[in-house]
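Undergrad: give me coordinates for this.
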Amino acid sequence: MGTLQPSFIVGIGGSAGSLSAYKLFFEAMPSNTGMAFIVITHLQPYASSILDQILSRHTKMPVVLAQTGLVVTANRVYVIPPNADLSVKGYILNVVSPPKRASRQVDCLFKSLAESLGPQAIGIILSGYCNDGTEGCKHIKAKGGTTFAQDQSAEVSSMPLSAQGSGCIDFVLPPEKMPSELLKLIISMEKL
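TA: Prediction:
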């Protein structure tokens, strides 16, 4: 099942306070949906990250650190490395270090998802400071994709509130409720 092209690619972006949200999301997400997940978080440029190891304890899906040239496959989680931008062209990952603009990695990924996948792109904004992800969500919506933002459960509400204020968010939910809506998208796609 790990070599299949995903039905959707779900970009998940967060910053301060997002770790608990990632855990809740992946604990509630079944491991065999046919979707792929790309996790973007703001990291200090020279920090080492063990986010991939942490998330692997909260999902049965394989969790890997993103690398240029990796093919995105269903039922896997890809995590951004520190001090990098991560984008998708087709179903191929591209990692560029250093990032073009600090704290804009979510926008970078979401814009690439929108361009590559159109209606099969999904963007999720979780807890964090600033407004990263808002522009990316606008691109996803413009190309027919689906967007989510964390509700008042966000530890730091700036990123999800900015996205909600843009008028381009389809669902405002706590992280543990998002998987059930994602599963509904798969069911509706299968009916087409």
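
Undergrad: contact partners for the residue nearest to Gly13 when sequence neighbours are not counted?
TA: Closest residue to Gly13 in three dimensions, ignoring its sequence neighbours and counting by Cβ to Cβ, 6 or more residues apart in numbering: Val106, at 3.1 Å. To be clear about C-beta, it is placed using only N, CA and C from the backbone, and glycine gets the same treatment. Contact criterion Cβ atoms under 8 Å, 6 or more residues apart in numbering gives Gly11, Gly13, Gly14, Ile40, Ile125, Asp132, Gly133, Gly136, Met159 as the residues in contact with Val106.

Undergrad: the protein: strands as residue ranges?
TA: With strands called from DSSP state E, the chain shows them at 9-14, 36-41, 63-65, 77-79, 85-89, 92-96, 121-125, 146-150, 171-173.

Undergrad: and which of the contacts of Val106 is nearest Lys60?
TA: Distance to Lys60 across these (Cβ to Cβ) is lowest for Gly11, with 20.6 Å.

Undergrad: specify the beta-bridge partners of the closest one.
TA: On the basis of DSSP bridges, Gly11 takes part in beta bridges with Ile38, Gly123.

Undergrad: can you tell me how far Ser97 is from Pro6?
TA: When distances are taken as Cβ to Cβ, to the nearest Å, Ser97 and Pro6 turn out to be 25 Å apart.
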